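J.: have a look at this prediction, sequence included:
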Amino acid sequence: MPRLVMKFGGTSVANLDRIRRAAKRVGVEVANGYEVIVIVSAMSGKTNELVGWVDEISPLYDAREYDAVVSSGENVTAGLMALTLQEMDVPARSWQGWQVPLKTTDAHGQARIEEIPTENLDAKFNEGMKVAVVAGFQGISPEGRITTLGRGGSDTTAVAFAAAFGAERCDIYTDVDGVYTTDPRIEDKARKLDKIAFEEMLELASLGAKVLQTRSVELAMRYNVRLRVLSSFEEMSDTAGTLVCAEEDIVEKNVVAGVAYSRDEAKMTLISVADRPGIAAAIFGPLAEAGVNVDMIVQNISEEGRTDMTFSCPVDQVARAEKAMHATKEAGEVNFHDLVADTDVAKVSVVGIGMRSHAGVAAQMFKALKDDGINIKVITTSEIKISVLIDRKYMELAVQALHDSFGLEKAA
Ligand code: ADP
Ligand code: ASP
Ligand code: MG
């Protein structure tokens with residue numbers, strides 16, 4: 001029997017009524033002849049609440065206990081979804097990550113999926129089960145402890161199941177009807193894309209567009225999963241939503257595909273470090289060991305053998321970064337005059353495969369920001385994206401200015 005993965009995000013399972021609506025969609029696909037693996041998120045707001053509790057008790061928490069707490073939201077929705085389906089006479093059973101088992105690394109809070117043995121679910125499908133409801137976002141470490149896959153990780157659970165079980169498609173049901181040129185919540189003129197290339201989606205996701213978790217796009221690309229993003233609130237149809245697919249399958253192409261932003265950035269500057277061979281390793285080694293995800297890096301001009309080193313990282317990792325840097329200073333490994341954290345910055349990026357063959361995108365971006373009086377603090381580029389760090393208060397203005405400047409409200 002053909003298989004389908006259907007993933008429902010937090011807003012799509014926010015209460016019992018929504019769970020019933022989602023279950024009806026699953027029932028339609030079962031009637032269409034599919035065996036369905038349903039991946040559920042926690043009810044919207046639940047994971048934030050759980051994270052808040054952990055933070056309140058222990059800001060520099062033990063990540064194993066963080067996972068024990070924050071994975072629990074998904075368990076509730078998995079059980080409720082299975083019960084709802086059973087009430088509709090659809091043979092369904094729920095599974096927590098460890099029961100599958102979804103095996104992950106032991107990187108608690110950010111674990112990566114290593115393997116999904118299919119025997120347990122296959123056996124149940126063979127006995128006549130039509131729907132396996134799996135709690136998203138969670139797995140089990142080699143030591144047998146519960147892990148989580150990072151925020152938004154249910155998307156990755158969904159794609160991994162689609163790959164492991166050879167699903168015909170992986171449908172990600174969410175609160176928008178597809179992937180847009182930018183977040184429709186902050187730009188009214190954002191345009192829904194019928195298709196987007198894996199590479200572009202990967203960049204948009206990693207630069208902050210939270211509609212899909214980055215890792216889910218990587219997996220879909222690697223295992224060639226047909227990945228579709230669509231709304232759980234609209235009529236069902238075969239052409240709904242956005243298909244994430246190979247570049248060759250897309251006819252219309254704008255130079256810039258979309259604009260992404262990330263609100264939760266911080267800029268940190270080590271003032272007056274010795275400019276000598278090995279200094280970058282001495283700084284960024286301990287930061288990596290402390291679990292700080294450094295993104296942009298700028299080393300300023302050196303004067304009299306000393307320089308300032310600036311880097312950006314997620315704002316919630318500033319305390320960790322400060323602790324790591326002060327420890328290296330005390331150990332005499334890096335000497336710096338001061339460490340200054342600017343926690344009021346945001347990152348705005350433009351992404352497009354067209355940049356590979358089209359010059360002048362950076363210049364156009366910088367001009368659009370200048371025209372709105374927005375100062376750029378740090379710039380980074382790669383083959384298909386340009387990112388800038390700016391004051392957070394200008395973030396929405398910058399997204400709108402760039403969306404306008406690159407004419408994204410119109411298809412190419
Ligand atoms: P879910 O709970 O279903 O996983 P998320 O909140 O994680 O949903 O992701 C959906 C949200 O992603 C949308 O509500 C939207 O605000 C945001 N988003 C950001 N960038 C984009 C984009 N380019 N296209 C669509 N949605 C986007
Ligand atoms: N509930 C988790 C989160 O909010 C995972 C997910 O929804 O994808 O991050
Ligand atoms: Mg999500």
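T.: Okay, I see it. Ligands and ions are numbered 1, 2, ... in the order given.
J.: so where do the helices sit in this structure?
T.: Secondary structure of the chain (DSSP state H): helices at 16-31, 46-57, 63-70, 72-87, 119-126, 154-164, 198-206, 214-223, 279-289, 318-330, 361-371, 395-405.
J.: mind listing what's buried in the last one?
T.: Residues of helix 395-405 classed as buried: 395-403, 405 (neighbour count, 16 or more other CB atoms under 10 Å). Any C-beta I mention is one placed from the backbone N, CA and C, and that applies to glycine too.
J.: residues in contact with it?
T.: Residues from elsewhere that reach helix 395-405 (CB atoms under 8 Å, 6 or more residues apart in numbering): 181-183, 186-187, 189-190, 259, 261, 263, 346, 348, 350, 364-365, 367-369, 371-372, 374, 388, 390, 409.
J.: kindly recompute the last result at 7 Å.
T.: The set of residues external to helix 395-405 that reach it, using CB atoms under 7 Å, 6 or more residues apart in numbering, is 181-182, 186-187, 189-190, 259, 261, 263, 346, 348, 350, 364-365, 368-369, 372, 374, 390.
J.: report the backbone C-alpha coordinates of that helix in CSV.
T.: As requested, the backbone C-alpha atoms of helix 395-405 are provided in CSV (Å, rounded to 0.1, in the frame of the first residue of the first chain):
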residue,chain,number,x,y,z
MET,A,395,14.3,44.6,11.1
GLU,A,396,10.7,44.7,9.7
LEU,A,397,11.5,47.9,7.8
ALA,A,398,14.5,46.2,6.3
VAL,A,399,12.6,43.1,5.2
GLN,A,400,9.9,45.3,3.6
ALA,A,401,12.5,47.5,1.9
LEU,A,402,14.3,44.5,0.4
HIS,A,403,11.1,42.8,-0.6
ASP,A,404,10.1,46.0,-2.5
SER,A,405,13.6,46.6,-4.0
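J.: show me how far it is from its chain's centre.
T.: How far helix 395-405 lies from its chain's middle: 22 Å, per CA atoms, centre = their mean, to the nearest Å.
J.: got it, and the second one?
T.: The chain centre lies 19 Å from the centre of helix 46-57; the measure is CA atoms, centre = their mean.
J.: the contacts of helix 395-405 in strands, which ones?
T.: 259, 261, 263, 346, 348, 350, 390 (DSSP state E).
J.: any chance of these in a markdown table, plus pLDDT?
T.: Converted to a markdown table, those look like this (pLDDT from 0 to 100):
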| residue | pLDDT |
| --- | --- |
| Val259 | 98 |
| Tyr261 | 98 |
| Arg263 | 95 |
| Ala346 | 97 |
| Val348 | 98 |
| Val350 | 98 |
| Ile390 | 97 |
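J.: how close does Ala14 sit to Phe233?
T.: Ala14 sits 11 Å away from Phe233, going by CB to CB, to the nearest Å.
J.: which one of those two has more residues nearby?
T.: Just comparing Ala14 and Phe233: by other CB atoms under 10 Å the higher neighbour count belongs to Ala14, 19 against 14.
J.: thought the more buried one was touching Ser44?
T.: Yes: if you go by CB atoms under 7 Å, Ala14 and Ser44 touch, sitting 4.5 Å apart.
J.: what does the chain put close to ligand 1?
T.: 9-12, 41, 152, 174-176, 179-180, 182-183, 185, 204, 209-211, 258 (CB under 6 Å from any ligand atom).
J.: of those, which are in range of ligand 2?
T.: Answer for the residues of the chain next to ligand 1 near ligand 2 (CB under 6 Å from any ligand atom): 9-10, 41, 152.
J.: by neighbours, which of the residues you listed wins?
T.: Ser41 (29 neighbours).
J.: so what pLDDT did it get?
T.: At Ser41, the pLDDT value in this model is 98.
J.: try Tyr61
T.: According to the prediction, Tyr61 has pLDDT 85.
J.: restrict the buried residues of helix 395-405 to those near ligand 2?
T.: When CB under 6 Å from any ligand atom is applied, no member of the buried residues of helix 395-405 is adjacent to ligand 2.
J.: arrange those in a markdown table, one row each, with pLDDT as further columns.
T.: Converted to a markdown table, these look like this (pLDDT from 0 to 100):
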| residue | pLDDT |
| --- | --- |
| Met395 | 98 |
| Glu396 | 98 |
| Leu397 | 98 |
| Ala398 | 98 |
| Val399 | 98 |
| Gln400 | 98 |
| Ala401 | 98 |
| Leu402 | 98 |
| His403 | 98 |
| Ser405 | 97 |
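J.: now the chain against ligand 3: closest residue?
T.: As assessed by CB to the ion, ligand 3 sits closest to Gly152 within the chain, at 4.1 Å.
J.: ok, that residue - contacts?
T.: Residues near Gly152 by CB under 7 Å, 6+ apart: 210, 213.
J.: on that earlier part again, any of the residues of the chain next to ligand 1 buried? List them.
T.: Buried among the residues of the chain next to ligand 1 (16+ other CB under 10 Å): 9-12, 41, 152, 174, 176, 179-180, 182-183, 204, 209, 211, 258.
J.: between these, which sits nearest ligand 1?
T.: Ranked by distance to ligand 1 (CB to the nearest ligand atom), these are led by Gly9 at 1.8 Å.
J.: the closest one and Thr174 touch, don't they?
T.: Yes: if you go by CB under 7 Å, Gly9 and Thr174 touch, sitting 4.5 Å apart.
J.: still on that earlier bit, which of the ones next to ligand 2 among the residues of the chain next to ligand 1 sits closest to ligand 2?
T.: Minimum distance to ligand 2 across these is 3.3 Å, recorded for Ser41 (CB to the nearest ligand atom).
J.: quick one, what contacts that closest one?
T.: Going by CB under 7 Å, 6+ apart, Ser41 touches 8-10, 13, 74, 77, 136-137, 154.
J.: circling back to that earlier point, so which of the helices of the chain comes closest to Glu303?
T.: helix 279-289 (14.7 Å; CB to CB).
J.: number of nearby residues for the residue nearest to Ala164 when sequence neighbours are not counted?
T.: The shortest distance from Ala164 to any non-neighbouring residue, by CB to CB, 6 or more residues apart in numbering, is to Ile116 (4.1 Å). Per other CB under 10 Å, the neighbour tally for Ile116 reads 21.
J.: which parts of the stretch 51-200 of the chain sit against ligand 3?
T.: Applying CB under 5 Å from the ion, we find that the stretch 51-200 of the chain lies next to ligand 3 at Gly152.
J.: hmm, 6 Å instead?
T.: 152, 155 (CB under 6 Å from the ion).
J.: contact residues of the stretch 51-200 of the chain facing ligand 2?
T.: So the stretch 51-200 of the chain meets ligand 2 at 73, 136-137, 151-155 (CB under 6 Å from any ligand atom).
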